[in-house]
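Participant: I need the structure of the sequence given here:
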Amino acid sequence: MNKKGFISTALIYTFFILFLVLMVFLLNNYSSTRYIVDRYRYDIEEELYELSNADINIYTYVWSNRDKEYKYVDNIPMSGLRENISYCKNKSTIEFNDGEVTIGAKGKEFCYLYFDPAGDITAPTITASDGKGEASWHKGGVSLSISGSTIQNGVGEIAYFYSTDASNINTEGTSTGIINTEGTITYYAKACNTYNLDICSDVEEYTLMIDNTAPTFNVANTSNGNSYTGGWTKNNVDSALTFEDSESGIDASSLKWGSNGTTWTSIPNTSTTGYNDSWTNERNGTGYYQICDLAGNCTTRSFMVKIDKTKPSVSFSLSGQTATYTCSNGGSGSPLSGTTSGNHALSGTSNYTYSVTCTDEAGNSKTDSHTYTYGVISGSNTCSYGCDTCGGEPYDCNCVDNYTCPNPGDYKRGDKCYSHAGTYTSGCPSWAAFCNTQNYGYVAYVFSRNATNHPSCSTCHTDTYSCRCNDCYYGSDTRVWGFKY
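Facilitator: You can find the predicted model right below:
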């Protein structure tokens, strides 16, 4: 074959091979497009796959204009496919229409789909750290938390922003941090998709009212109409309470009283300006009142309350022949005032009544008395009386006791009267008178049985004259006279 013939043959074969390649390409392209449209579809909204005779691996990415890169995501947003950069490894076609992606793949394929972020973001919820609502007053030290937003029908990540300037909500964070500024401040917050910070929620507002100043609170105490400064009194202590708050206002229901400053009892108060109260029970300690404003700032007032309504008591005693008394406050707390004890020396033979008054610092007083009686305070009288017969004379006396017999010449023996001859009569005169009537000229010793005439016993008095009488006393008289309690 000549050289010219060889070149012609080679060209023919070359054109034939190119023709075959072109036909294969056209056939494959035509067949692939029809197959994909009919056999494979991915519905983003329903997440529905229809796949037949193909093994397609789909990888989805979303652009983050915040991080300036694509983020791999597990699900696909509903819109925004970037067809110009989405591709399949084996050159399968990609079509996107109204939320549907159609991939023209005949066999195994790996496709990489790039989307713009999409979806709606719900507005965030703003809550205060003290648990109070937006319409409530707060104390300083509160913070606001921002949370609760979600991306609806889309992908991405949530970022929260807040500010006190509605036109420039640019501070990122889920909490405002501690807020102490007193007054009324409105905070604005929104949630945005970090994959596209232009996709944000509606702006949520929270008006924060802060009051850091405790109420003004005064207590004026009186007792029995007079100013009371904490001393002892036997009357009630009346407390006039006045209060005010120029910021959040007084919380009338917060008024309390207490005895130790930690345990409180509520007072049924409805006034925001004042309240009148009374301390009526006995006490010796500090009294407390507390009032708060609507933000929870509280003011406490304390003062001494000393109430003693118990009268002192008086006790009497006897020391020898000295009467004594002692005052006591009865354990009620108020000290005694004035003279608290004393004594009086007892004398004479008449009963004595001792009367004293005890007083305490609260003004309570008690007057009491005790009667000391005069009589035998120790010893006893064991004396007995009798007479001798004086040698058998009929005129001896027996137990003379100073009463007279009715008839002259009679004498008394025992409990009967006799004549001088021994004849019983109904009575007899005193023995001295009897002796006189016999003209003996002598007066007999006549003794009565009492301590005044006979201070001692065991003595026998004898008249040895004609009108003879032996008046004898036997035993002892040890009685001591004085005052008894």
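
Participant: switch to C-alpha atoms for all contacts and neighbour counts from now on
Facilitator: Noted.

Participant: Could you pull out the helices in the chain for me?
Facilitator: 3-39, 431-437 (DSSP state H).

Participant: Comparing those helices, which yields the minimum mean pLDDT?
Facilitator: For those, mean pLDDT drops lowest on helix 431-437, to a mean of 43.

Participant: low pLDDT regions in the stretch 51-200 of the chain?
Facilitator: 51-54, 75-79, 99 (pLDDT under 70).

Participant: Kindly recompute the last result at 80.
Facilitator: Applying pLDDT under 80 to the stretch 51-200 of the chain picks out residues 51-56, 63, 65-66, 73-81, 96-101, 105-107, 115-119, 153-156.

Participant: again with the stretch 301-450 of the chain
Facilitator: Using pLDDT under 80, the flagged stretches of the stretch 301-450 of the chain are 330-333, 381-450.

Participant: got a list of contacts for stretch 185-201?
Facilitator: Contacts of stretch 185-201 with the rest of the structure, by CA atoms under 8 Å, 6 or more residues apart in numbering, involve 62-67, 117-118, 120-124, 126, 146, 149, 151, 156-166, 169, 202-209.

Participant: which parts of that stretch are buried?
Facilitator: 187-197, 199-201 (16 or more other CA atoms under 10 Å).

Participant: Stretch 337-357 too?
Facilitator: For stretch 337-357, by 16+ other CA under 10 Å, it's 337, 340-341, 346, 352, 354, 356-357.

Participant: got the end-to-end distance for that stretch?
Facilitator: End-to-end distance for stretch 337-357, by CA to CA, to the nearest Å: 11 Å.

Participant: Can you tell me which of the buried residues of stretch 185-201 end up in strands?
Facilitator: 187-193, 196-197, 199-200 (DSSP state E).

Participant: Quick one: those residues as JSON lines, columns for distance to residue 101 too.
Facilitator: Converted to JSON lines, these look like this (distance: CA to CA, whole Å):
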{"residue": "187", "distance to residue 101": "43"}
{"residue": "188", "distance to residue 101": "39"}
{"residue": "189", "distance to residue 101": "36"}
{"residue": "190", "distance to residue 101": "33"}
{"residue": "191", "distance to residue 101": "30"}
{"residue": "192", "distance to residue 101": "27"}
{"residue": "193", "distance to residue 101": "24"}
{"residue": "196", "distance to residue 101": "22"}
{"residue": "197", "distance to residue 101": "26"}
{"residue": "199", "distance to residue 101": "23"}
{"residue": "200", "distance to residue 101": "26"}
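
Participant: Residue 72: what's it in contact with?
Facilitator: Taking CA under 8 Å, 6+ apart, one finds 59-62 in contact with residue 72.

Participant: swap that for residue 217, sorry
Facilitator: Per CA under 8 Å, 6+ apart, neighbours of residue 217: 241-244, 291, 299-301.

Participant: For residue 204, which non-adjacent residue is spatially closest?
Facilitator: residue 189 (5.2 Å; CA to CA, 6 or more residues apart in numbering).

Participant: For that neighbour, give the beta-bridge partners.
Facilitator: residue 162, residue 204 (DSSP bridges).

Participant: Might one say that residue 86 is in contact with residue 110?
Facilitator: No. Taking contacts as CA atoms under 8 Å, residue 86 lies outside contact range of residue 110: 11.2 Å.

Participant: how many neighbours does the residue nearest to residue 249 when sequence neighbours are not counted have?
Facilitator: Of all residues not flanking residue 249 in the chain, residue 293 sits nearest, at 5.5 Å (CA to CA, 6+ apart). Residues near residue 293, counting by other CA atoms under 10 Å, number 31.

Participant: do you know how far residue 293 is from residue 180?
Facilitator: 17 Å.

Participant: which of the buried residues of stretch 185-201 sit farthest apart?
Facilitator: By the measure CA to CA, 187 and 195 form the most distant pair in the buried residues of stretch 185-201, at 24.8 Å.

Participant: ranges for the strands of the stretch 251-400 of the chain?
Facilitator: Under the criterion DSSP state E, counting those that start in this stretch, strands of the stretch 251-400 of the chain are mapped to 264-266, 274-279, 283-293, 298-307, 313-319, 322-328, 336-337, 341-345, 352-360, 365-378, 384-386.

Participant: So in that sheet, which strands flank the fifth one, and in what orientation?
Facilitator: In other words, strand 313-319. strand 322-328 (antiparallel).

Participant: the inter-axis angle of the strand it pairs with versus strand 341-345?
Facilitator: If you take axes from the mean of the first three to the mean of the last three CA atoms, to 10 degrees, strand 322-328 sits at 170 degrees to strand 341-345.

Participant: and the angle for strand 322-328 with strand 352-360?
Facilitator: Using the same axes, to 10 degrees: strand 322-328 against strand 352-360 is 20 degrees.

Participant: Now do strand 322-328 and strand 365-378, the angle between them.
Facilitator: 150 degrees.

Participant: If we go by neighbour counts, what in strand 322-328 is buried?
Facilitator: By neighbour count on 16+ other CA under 10 Å, the buried set for strand 322-328 is 323-328.

Participant: Verify the stated contact: residue 276 with residue 238.
Facilitator: Yes. Judged on CA under 8 Å, residue 276 makes contact with residue 238 at a distance of 7.4 Å.

Participant: between those two, which one's more packed in?
Facilitator: Counted by other CA under 10 Å, residue 276 and residue 238 do not tie: residue 238 has more neighbours, with 21 against 13.

Participant: Bridge partners for the more buried one, pull those for me.
Facilitator: Beta bridges link residue 238 to residue 222, residue 278, judged by DSSP bridges.

Participant: contacting residues around it?
Facilitator: Residue 238 neighbours (CA under 8 Å, 6+ apart): 221-223, 276-279.

Participant: List buried residues within the contacts of residue 217.
Facilitator: 241-244, 291, 299-300.

Participant: Looking at those, which two lie furthest apart in space?
Facilitator: 244 and 300, at 13.3 Å, using CA to CA across the buried ones among the contacts of residue 217.
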